[in-house]
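I'll drop the sequence and a predicted model, then ask my questions.
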Amino acid sequence: MIANQLSKDQTVSGWINGFIGVVLFGGSLPATKLAVMEMDPIFVTTARATIAGILALSALVLYKEKRPERNQGFSLIIVSIGCVIGFPLLSSLALQYITSAHSIVFLGLLPLTTAIFGVIRGGERPRPVFWLFSGIGSLLVIGYAIAQGISASPIGDVLMLIGVVVCGLGYAEGAKLSKTLGGWQVISWALVLSLPVMLPLCIIYFPLSAIDIRVQAWAGLAYISLFSMFIGFIFWYRGLAQGGIASVGQLQLLQPFFGLALAAYLLNEQISIGMVGVTLGVILCVAGTKRFQK
């Protein structure tokens, strides 16, 4: 009975931590938009990884964490490529062409790509209805992107699609690795792994006219460096480890709503009925894939 109570408490803690992580991730694209409006996307990507990497290295040293096993290295490289480099860079580049509100629609596919890579990596055999929901959700996003082709940029759409795919891979690999390495340790070691590359590039691409950049842009960079790149992942991977990848992972379905609200509030971007409708449709499809993934 005590064991069951402890298990329930751990599950509740997992949902709470996962929810906090999703809320923090919800501000990522609006904050990135604030930054790339006045800074080079490569600098934004390398700066956020450098700042978060220094924090992660400090935490690992402070808590005297052991180095990952050799067989965990490949998984950490995937997490680093997907979550530290790939998605941040691709989304930063995309936001030069599209609004953050438009880009947030693509986040509706993130739980789907995470689930698909989880299936691939875990060797599961989902039911045919899983792929039905998967296909419908993908068609909704692609159809919306094509319909907005006149006012939006196909370059931005393609960059966001690729970014969501690599991020899903990083999420799935990180969730799998967190079972043995630990929740916050996964993102910390992935950040440290990328630091030797990100730090020099951050210095090279540091803006020459930094003094002319507005406070809002620096605030956006600070947010994605502290919360999106490091603190959010601590809560997220801890939640996945405590409450289970499949169940807590569903909280990602709330992320587009938080992002759209922040885009409207911080950037005064117009949230169309089409954006909300597509986001809702994708969420329903992703919920179906989660329901029938096994």
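Received, thanks.

Correct me if wrong: Met37 contacts Ala217.
Yes: shown here, Met37 and Ala217 form a contact pair, counting by Cβ atoms under 8 Å, at 6.4 Å. No exception for glycine: its C-beta is placed from N, CA and C like everyone else's.

Among the two, which residue is more densely surrounded?
Ala217 (20 against 15; other Cβ atoms under 10 Å).

what residues are up against the residue nearest to the more buried one when sequence neighbours are not counted?
The spatially closest residue to Ala217, leaving aside those adjacent along the chain, is Glu38, at 4.2 Å (Cβ to Cβ, 6 or more residues apart in numbering). By Cβ atoms under 8 Å, 6 or more residues apart in numbering, Glu38 lies in contact with 213-214, 217.

Next, Tyr63: phi, psi?
phi -90, psi 10 (degrees, to the nearest 10).

gap between it and Leu240?
Distance, Tyr63 to Leu240, by Cβ to Cβ, to the nearest Å: 20 Å.

Comparing these two, which residue is more hemmed in?
Leu240 (27 against 10).

looking at it, the more buried one is touching Val186, isn't it?
No: Leu240 lies out of contact with Val186 (Cβ under 8 Å); the separation is 9.4 Å.

Name the helix or strand of the chain that has the lowest mean pLDDT.
Every helix and strand of the chain was ranked by mean pLDDT, DSSP states H and E. The lowest is helix 245-249, at a mean of 66.

burial count for Val12?
By the criterion of other Cβ under 10 Å, Val12 has 12 neighbours.

Which secondary structure element is home to it?
Using DSSP states H and E, Val12 sits in helix 2-26.

And the very next helix or strand once past that helix, what's buried?
Per DSSP H and E, the first helix or strand lying C-terminal to helix 2-26 is helix 28-36. With burial defined by 16 or more other Cβ atoms under 10 Å, the residues of helix 28-36 counted as buried are 28-36.

from the residues you listed, which two are the most distant?
Largest separation among those by Cβ to Cβ: Ser28 and Val36, giving 12.2 Å.

and Val186, what element?
According to DSSP H and E, Val186 maps onto helix 183-204.

Just give me how far that helix sits from the chain centre.
On the basis of Cα atoms, centre = their mean, to the nearest Å, helix 183-204 sits 16 Å off its chain's mean C-alpha point.

So for it, what gets flagged as buried?
Residues of helix 183-204 classed as buried: 183-195, 197-199, 201-202 (neighbour count, 16+ other Cβ under 10 Å).

Report the secondary structure state of the closest residue to Arg214 other than its chain neighbours.
In space, and not counting its chain neighbours, Arg214 is closest to Glu38: 6.2 Å by Cβ to Cβ, 6+ apart. Following DSSP: H, G, I helix; E, B strand; the rest coil, Glu38 is assigned to coil.

so how far is Ser100 from Glu38?
According to Cβ to Cβ, Glu38 stands 15 Å off from Ser100.

Now do the helix or strand containing Ile162 against helix 183-204: the angle between them, please.
Element membership for Ile162 (DSSP H and E) is helix 154-181. Here the directions of helix 154-181 and helix 183-204 differ by 140 degrees (axes from the mean of the first three to the mean of the last three Cα atoms, to 10 degrees).

Quick one: distance of helix 154-181 to the chain centre.
The answer for helix 154-181 is 7 Å, by Cα atoms, centre = their mean.

Just give the nearest non-adjacent residue to Ile187, would you?
Phe233 (3.7 Å).

and what of Ser13?
Using Cβ to Cβ, 6+ apart, the closest residue to Ser13 is Gln242 (5.2 Å).
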